[in-house]
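In: with the input below, show me the fold.
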Amino acid sequence: MSGTSKTKISRRKLLKFSAIVLGTGGLTLGFGSPLLAGEIAVSTPSRLTPDQALKQLMDGNKRYLSKKRQAPHRAFERIAEVANNQKPFAAVISCSDSRVIPEMIFDQGLGDLFVSRVAGNIATDEAIASHEYGALELGVQVVMVLGHERCGAVKAALDGGEFPGSISTLIKAIQPAVDSSLGKMGDRWENAVKDNVMLQVNRLKNSSAIARLIQEGKLTVVGGFYDLDLGRVTLLS
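Out: Next comes the predicted model:
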């Protein structure tokens, strides 16, 4: 076999191997294409530690606060970059409140955050399962339960009474936090919101899958409080 034939075979194998590793799904990209770099970024597991992932999340909120938002990964080209694969570095359980949008608050973009939203930022069985998947399969290194100032779901639990439809299921999930906030110094509503965040954090940590990842140093679960007036996220754990 000639040296030329060997070279051709070597290149053919290399190109075939590269296509498998990058998972381009049939996209034809040149080696100088910016999309190729994007595919490598989203196809390679994140090398962030849980502490680094949390810092990256909080650094985004600092940019948001200082009006120095980078709005990363929001260009139209990003759609193609993450179409066949996702590797979010962080996950957020936030309230459904229209004023609390994790991607904006943390200055992130497409493919960066794995988010579930439910009134009262409750760690339902479905939400816990979702974030088990995010941690085990997608490789997120930090999960934040994000409560917010003047949460309506928490206020409803504080006020009590009868509720139509399935709203009572939300109240039942939040009630232990309302009870634990009784007698604490400060604003009762804000105390209940923060206690509810930690209640949901503990529910996540009670997952055997999540607990194992925490023990192995591959994941951290934290609570956060979002100030509606200032836009600031404060860590609670």
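
In: helices of the protein, residue ranges please.
Out: For the chain, applying DSSP state H gives helices covering 3-22, 34-43, 50-65, 77-82, 102-105, 125-133, 152-159, 167-181, 188-205, 208-215.

In: which residues are in contact with the residue nearest the centre of the chain?
Out: For the chain, the residue sitting closest to the mean C-alpha position, by Cα atoms, centre = their mean, is residue 91 at 1.7 Å. Counting by Cβ atoms under 8 Å, 6 or more residues apart in numbering, residue 91 touches 113-116, 131, 134-135, 140, 142-144. The way it works is simple: take the backbone N, C-alpha and C, and place the C-beta from them, glycine included.

In: okay, now the unreliable bits of the protein?
Out: Where the chain drops to pLDDT under 70, the residues are 1-46.

In: give me every residue that touches residue 48.
Out: Residues in contact with residue 48 (Cβ under 8 Å, 6+ apart) are 56, 89, 141.

In: next, the spatially closest residue to residue 213 that is not a sequence neighbour: phi, psi?
Out: Of all residues not flanking residue 213 in the chain, residue 219 sits nearest, at 3.9 Å (Cβ to Cβ, 6 or more residues apart in numbering). Note on residue 219: its backbone torsions stand at phi -150, psi 150 [degrees, to the nearest 10].

In: residue 219 reaches residue 138, doesn't it?
Out: No. With the criterion set as Cβ atoms under 8 Å, residue 219 and residue 138 do not qualify as a contacting pair; they are 11.5 Å apart.

In: which one's more surrounded, these two?
Out: Summary of the neighbour comparison: residue 219 and residue 138, criterion other Cβ atoms under 10 Å, with residue 219 having more neighbours (26 against 17).

In: quickly note the distance from the more buried one to residue 198.
Out: Summarising the geometry, the distance separating residue 219 from residue 198, computed by Cβ to Cβ, to the nearest Å, is 17 Å.

In: before we move on, what about residue 65?
Out: In this structure, residue 65 and residue 198 are separated by 23 Å, where distance is defined by Cβ to Cβ.

In: so which of the contacts of residue 48 wins on neighbours?
Out: residue 141 (25 neighbours).

In: what residues does the nearest residue to it once chain neighbours are set aside make contact with?
Out: The shortest distance from residue 141 to any residue other than its chain neighbours is 3.7 Å, reached at residue 53 (Cβ to Cβ, 6+ apart). Contact analysis of residue 53 by Cβ under 8 Å, 6+ apart lists 46, 89-90, 140-142, 220.

In: what subset of the residues you listed is buried?
Out: Applying 16 or more other Cβ atoms under 10 Å to the contacts of residue 53, the neighbour count classes 46, 89-90, 140-142, 220 as buried.

In: list the ones among these that fall in strands.
Out: Taking DSSP state E, the ones among the buried ones among the contacts of residue 53 that sit in strands are 90, 142, 220.

In: can you redo the contacts of residue 48 as TSV with distance to residue 188?
Out: Listed next are the contacts of residue 48 as TSV, based on distance: Cβ to Cβ, whole Å:
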residue	distance to residue 188
56	34
89	36
141	35
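
In: same list, the helices of the chain, but as TSV with distance to residue 228 please.
Out: Putting these into TSV (distance: least, Cβ to Cβ, whole Å) gives the following:
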stretch	distance to residue 228
helix 3-22	42
helix 34-43	33
helix 50-65	13
helix 77-82	29
helix 102-105	11
helix 125-133	22
helix 152-159	11
helix 167-181	18
helix 188-205	11
helix 208-215	29
